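Visitor: Have a look at this prediction, sequence included:
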Amino acid sequence: MAELQDAEKELYELTKKVALLRRDAKPVPIKNYTFQGLDGEVTLGELFGDKNVLFLIHNMGQGCRYCTLWADGLNGLIPHLEDQYALALVSKDNPQTQRAFANSRHWRFKMVSHAGGDYITEQTVMEGENNMPGIVCYMRKGGEIFRKNSSIFGPGDEYCPQWSILSLAGVTTEDWTPQFDYWKRPEKMDDGGKNLI
């Protein structure tokens, strides 16, 4: 137990160190990218609305169970973040597909599509990976947009508490995979079980 407590304390200290390094990271100027939204073209600058900080979630699209898990969790933080910051989700899916999937998950994100264009290639959260999930923090000063920090999403990261909770039971990232739906068909259906999809 002492070794576990020491490791948790070390993790806490490293987390504080990472926060300080992120605070001190120098913002890098970038161009004002264009995305597709339900109502047509939307620029990166427009996603800020009346805020000066934008968190843009990189989501792989409706085909990724892991990205869905992260977005499900972050969805609950939207009102807290949007009190002072802008927040949006970008994926390769077209806007109609995004909205249909978001509605099925009860997501309230502003959503735009990068459609595999320049944005996701040039602003990737992992060098060499064009559709890597993660999050980027952008800042706006005057008419310029700057990239402040970014981070990759992946099993065991700091952005999805599911992994830390499961680890309390000794479950690792190799032992559990998220699903779109956890309903399991009973052996006997009380309604007769006809026309079940």
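Guide: Thanks, I have the structure now. Numbers count the residues shown, from 1 in each chain.
Visitor: what secondary structure does Asp6 sit in?
Guide: The three-state assignment at Asp6 reads helix, by DSSP: H, G, I helix; E, B strand; the rest coil.
Visitor: From Glu174, how far off is Gly156?
Guide: Applying CB to CB, to the nearest Å, the value for Gly156 to Glu174 is 10 Å. All C-beta spots, glycine's among them, are computed from the backbone N, C-alpha and C.
Visitor: And Val28, by the same measure?
Guide: Val28 sits at a distance of 36 Å from Glu174 (criterion: CB to CB).
Visitor: For Trp183, give me the pLDDT.
Guide: With respect to pLDDT, Trp183 scores 81.
Visitor: Now for it, how many residues are close by?
Guide: Burial of Trp183 is recorded as 6 neighbouring residues (other CB atoms under 10 Å).
Visitor: That one sits in which helix or strand?
Guide: Counting by DSSP states H and E, no helix or strand carries Trp183.
Visitor: Arg140 now?
Guide: Taking DSSP H and E as the criterion, the element that holds Arg140 is strand 134-141.
Visitor: Give me the contacts around stretch 44-59.
Guide: Residues outside stretch 44-59 that contact it (CB atoms under 8 Å, 6 or more residues apart in numbering): 30, 32-35, 67, 70-71, 74, 81, 84-91, 109-110, 112, 119-120, 124-125, 131-141, 145, 148, 153.
Visitor: Which of those residues fall within helices?
Guide: 67, 70-71, 74, 81, 119-120 (DSSP state H).
Visitor: Out of these, which end up buried?
Guide: 67, 70-71, 74, 119-120 (16 or more other CB atoms under 10 Å).
Visitor: now these as JSON lines including distance to Arg23?
Guide: Shown next, in JSON lines, are these (distance: CB to CB, whole Å):
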{"residue": "Cys67", "distance to Arg23": "27"}
{"residue": "Trp70", "distance to Arg23": "23"}
{"residue": "Ala71", "distance to Arg23": "26"}
{"residue": "Leu74", "distance to Arg23": "21"}
{"residue": "Tyr119", "distance to Arg23": "26"}
{"residue": "Ile120", "distance to Arg23": "26"}
